[in-house]
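Student: no sequence for this one, just the structure:
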């Protein structure tokens, strides 16, 4: 007796991975931030989120870690994109934070697609509302995969340039910044890396050196992180041959599997909780969808490891936890006041 063929999951155009949405509160939400105001070389990052969504329709839904196809019993929602509200750069950053903050409620896992890396300060501002942060940013660790240090104080007179994203994030008083893949930086950025005890950087040149055990130390560092974490992935952290269409491609970057190992080790760190992640600087590639497809695969790997954490009891739903009193008041005009 032959078994009936499995019914194919309905494919929904415009949804991440083409997955249909189910009713009720989602477990994971895909958030699109098509923001581009300060790019200094290649352009087109405002088209990145939608290109990534489109490419995700070709990503395989099965992963051995889960043993079944996504969504693997969980609810994944693709939210409407940020609407671009705001008459200037700082008002737009406030608008991005306002768009993001409802999703940092302690139940949902936000996956944010950009857009230039200048969205990072707005993401961190919104993350202050997560119950595990509760306005105390000294609890929050930032893990950054990037070609660039993004630790400038300003670029062309703009302190909120994408080249200053990590500096503006650190202005919130974060617990620590861990960077990997860095290979493009100014003298001032290098001096800060050497002198700032709250910044730990693993340079790409050390990662790839055959006489250096830097990669092993990176993995050990990830395992030692404690508390809430935001993971920010500038797609140019990968070698430029893998993502040639990103805003500022740089040779000598990380391999795809090094990115995946970083995600795996960070999500499995015994005392850390990855509360959110972003994948940014995605630019649609004209001749091949390699760049946006790579970004979609990386975002999917983050979702897979988050679901694995939920299954294994490593993700505590704090949205209705009476023991956590969330008194953080979101300032909808934070950046405009600066």
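Tutor: Okay, I see it. Predicted model, so just to flag it, every value in this text is computed and none were measured. Numbering: from 1, shown residues only.

Student: my guess is residue 95 contacts residue 85. True?
Tutor: Yes: if you go by C-beta atoms under 8 Å, residue 95 and residue 85 touch, sitting 4.1 Å apart. Backbone N, C-alpha and C define where each C-beta goes, glycine included.

Student: between these two, who's got more neighbours?
Tutor: Set side by side, residue 95 and residue 85 show more neighbours around residue 95, with 22 against 12, by other C-beta atoms under 10 Å.

Student: which element is the more buried one on?
Tutor: helix 89-100 (DSSP states H and E).

Student: same deal with residue 221?
Tutor: helix 214-224.

Student: what average pLDDT does the helix or strand where residue 192 lies get?
Tutor: Counting by DSSP H and E, the element that carries residue 192 is helix 187-195. Mean per-residue pLDDT for helix 187-195: 98.

Student: what angle do the following helix or strand past that helix and helix 187-195 make?
Tutor: Sequence-wise, the next helix or strand downstream of helix 187-195 (DSSP H and E) is strand 199-203. Put simply, strand 199-203 runs at 110 degrees to helix 187-195, going by axes from the mean of the first three to the mean of the last three C-alpha atoms, to 10 degrees.

Student: buried ones in strand 199-203?
Tutor: Neighbour-count burial for strand 199-203, counted by 16 or more other C-beta atoms under 10 Å, picks out 199, 201-203.

Student: by contact count, what packs against the lengthiest helix in the chain?
Tutor: Under DSSP state H, the helix in the chain containing the largest number of residues is helix 290-311. The contact analysis (3 or more C-beta pairs under 8 Å, 6 or more residues apart in numbering; DSSP states H and E) places helix 290-311 against strand 28-33, helix 48-56, strand 109-114, helix 256-268, strand 272-280.

Student: and these, which is most packed in?
Tutor: Scoring the helices and strands packed on helix 290-311 by mean neighbour count under mean count of other C-beta atoms under 10 Å gives strand 109-114 as the most buried, with a mean of 27.

Student: what's the following helix or strand after that strand?
Tutor: helix 120-127.

Student: run the angle between that next one and strand 109-114 for me.
Tutor: 160 degrees.

Student: quick one: helix 120-127 to chain centroid distance?
Tutor: Here helix 120-127 is found 11 Å from its chain centre; the criterion is C-alpha atoms, centre = their mean, to the nearest Å.

Student: which elements pack onto it?
Tutor: Against helix 120-127 (3+ C-beta pairs under 8 Å, 6+ apart) you get helix 89-100, helix 165-170, strand 227-234, strand 272-280, helix 334-337.

Student: in the last one, what counts as buried?
Tutor: Yep, that's helix 334-337 we're talking about. For helix 334-337, burial by neighbour count (16+ other C-beta under 10 Å) applies to 334-336.

Student: low-confidence ranges in the stretch 151-300 of the chain?
Tutor: Applying pLDDT under 70 to the stretch 151-300 of the chain flags no residue at all.

Student: could you do the stretch 1-150 of the chain as well?
Tutor: Residue ranges of the stretch 1-150 of the chain with pLDDT under 70: 1-9, 38-43.

Student: quick check: bridge partners of the spatially most central residue of the chain?
Tutor: Centrality entry for the chain: nearest residue to the mean C-alpha point is residue 278, 1.7 Å, by C-alpha atoms, centre = their mean. Legend: beta-bridge partners of residue 278 under DSSP bridges are residue 112, residue 232.
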